[in-house]
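Peer 1: From the sequence below, what's the structure:
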Amino acid sequence: MHPQLTEKKIGSHPPSVCLEFIQALDACHANGWSRWTGGCNQAKQDLNMCLRKERIDRTAKNREEAKVRRQKTEQAWKELHAE
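Peer 2: Numbering: from 1, shown residues only. Model prediction:
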């Protein structure tokens, strides 16, 4: 599941690489019949994969930043105990 995707939410973040997939899915959903007959399945799958990639990239970046913060904290504790 992905969060509700709207232009307002997209605009509040850095330019989304998934914007074209979101617009393609919205355009597909505008044609009501294809929405119910599986015509939008590929557009939805493409969007899900794009959002997944963004999430994986974001978590990898956060993990690296957390490692750096943890190392700084451990170093500060070592310096504190050394004194």
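Peer 1: residues of stretch 32-42 that come out buried?
Peer 2: C40 (16 or more other Cβ atoms under 10 Å). Every C-beta, even on glycine, is put in place using the N, C-alpha and C of the backbone.
Peer 1: Report the mean confidence score over that stretch.
Peer 2: Averaging pLDDT along stretch 32-42 yields 88.
Peer 1: I'd like the distance between Q75 and K53.
Peer 2: Relative to K53, Q75 is positioned 34 Å away (Cβ to Cβ, to the nearest Å).
Peer 1: residue boundaries of the helices in this protein?
Peer 2: Under the criterion DSSP state H, the chain contains helices at 7-12, 19-30, 32-36, 41-82.
Peer 1: Would you mind finding the most buried of those helices?
Peer 2: helix 19-30 (a mean of 15; mean count of other Cβ atoms under 10 Å).
Peer 1: any idea how far T59 is from W36?
Peer 2: For T59 relative to W36 (Cβ to Cβ), the value is 34 Å.
Peer 1: To clarify, my last question referred to N62.
Peer 2: Using Cβ to Cβ, we find N62 at a distance of 38 Å from W36.
Peer 1: Equivalent analysis for K67, please.
Peer 2: Note on K67: its distance to W36, by Cβ to Cβ, is 47 Å.
Peer 1: now N48
Peer 2: 19 Å.
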